[in-house]
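Enquirer: Sequence plus the predicted model coming up.
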Amino acid sequence: MSWILQKAGYWWREIACRLTIRHETTPIDSIEQLQEFVTTRATYVAQKTLFTYVRARMGTRYPRMFEDEALMTSLNIAKVHVFAGCLSDLAIYAVGMALHDQPLGNDARRMLAMQCYETGLHENAAACPSEFPERDYIESFGKRLDETDWRTAALQPENFTASPRALRRWAPIAEDLKKYDGEIVRNSVRFTWPDIRADFRKRVDGAAICAEWARLEAEAPA
């Protein structure tokens, strides 16, 4: 059992290392940088909350997870699905905040949010060890965008609804335990997002992103 404990401790330290978001000060002033921020931060929140929840729920049984191939496969599947929920929340917030008070219509906001979502989803879907319903997620996100209030609701913390729902659904925890964890899961995700949002607000250059989008639209073939 000692090697299992050592492996568990090493694995968790490696996860924690990868999940550490370095402090960046460079402005987010392009569509590419906007997409990178949304993808990397959604990945961070998904993995941090998922692994923390599973570790807390398993308690002293946590090291045994490494002996259970089925559980490890379930965890790897869950990572991508929880990421999709985090990506949905952050893509809407980031685009809404970046283009707030900018002279672009809601159609541009919708297209840019979808572009961020599709890019991030495609990059991470390959990591799923089973068939991932990428098109289903994109269709569902499109329906969410159709109902998005870009001027107010999109900018509010209360609009981060997909990430806690995905964590509760996909975490490889027995359903009879999950039924007690609704508030715990919601708080786990809710308390992780504020620093991400604050960092984005501090660094985003909405005018530059707006100008790039307008230029690309002008250059697009009629």
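Expert: Done, it's in.

Enquirer: Mind jotting down where the helices sit in this structure?
Expert: Taking DSSP state H to define them, one finds helices in the chain at 2-19, 31-58, 69-98, 106-125, 134-146, 162-170, 175-178, 182-190, 193-203, 206-219.

Enquirer: May I see those organised as a markdown table, with mean pLDDT, mean neighbour count and distance to residue 25 added?
Expert: No exception for glycine: its C-beta is placed from N, CA and C like everyone else's. Converted to a markdown table, those look like this (pLDDT from 0 to 100; neighbours: other Cβ atoms under 10 Å; distance: least, Cβ to Cβ, whole Å):
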| stretch | mean pLDDT | mean neighbour count | distance to residue 25 |
| --- | --- | --- | --- |
| helix 2-19 | 43 | 12 | 20 |
| helix 31-58 | 90 | 20 | 13 |
| helix 69-98 | 91 | 22 | 17 |
| helix 106-125 | 93 | 19 | 22 |
| helix 134-146 | 96 | 14 | 31 |
| helix 162-170 | 95 | 22 | 26 |
| helix 175-178 | 81 | 10 | 40 |
| helix 182-190 | 86 | 16 | 26 |
| helix 193-203 | 96 | 15 | 7 |
| helix 206-219 | 93 | 14 | 16 |
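
Enquirer: So for residue 156, which of those sits nearest?
Expert: helix 69-98 (8.5 Å; Cβ to Cβ).

Enquirer: what angle do the closest one and helix 134-146 make?
Expert: 30 degrees (axes from the mean of the first three to the mean of the last three Cα atoms, to 10 degrees).

Enquirer: chain center to helix 69-98: distance?
Expert: 4 Å (Cα atoms, centre = their mean, to the nearest Å).

Enquirer: Between the two ends of stretch 144-154, what distance do you get?
Expert: 11 Å (Cα to Cα, to the nearest Å).

Enquirer: Distance from that stretch to the middle of the chain?
Expert: Worked out by Cα atoms, centre = their mean, stretch 144-154 lies 18 Å from the chain centre.

Enquirer: what's the answer for stretch 45-54, then?
Expert: For stretch 45-54, the distance to the chain centre is 11 Å (Cα atoms, centre = their mean).

Enquirer: what does stretch 140-159 give?
Expert: The answer for stretch 140-159 is 15 Å, by Cα atoms, centre = their mean.

Enquirer: Tell me which residues touch the closest residue in space to residue 210 that isn't next to it in sequence, please.
Expert: Leaving aside its sequence neighbours, residue 210 sits nearest to residue 102 (Cβ to Cβ, 6 or more residues apart in numbering; 4.0 Å). Applying Cβ atoms under 8 Å, 6 or more residues apart in numbering, we find residue 102 in contact with 206-207, 209-210.

Enquirer: rerun that using 7 Å as the cut-off
Expert: By Cβ atoms under 7 Å, 6 or more residues apart in numbering, the residues touching residue 102 are 206-207, 210.

Enquirer: Look up the pLDDT of it for me, please.
Expert: Per-residue pLDDT puts residue 102 at 93.
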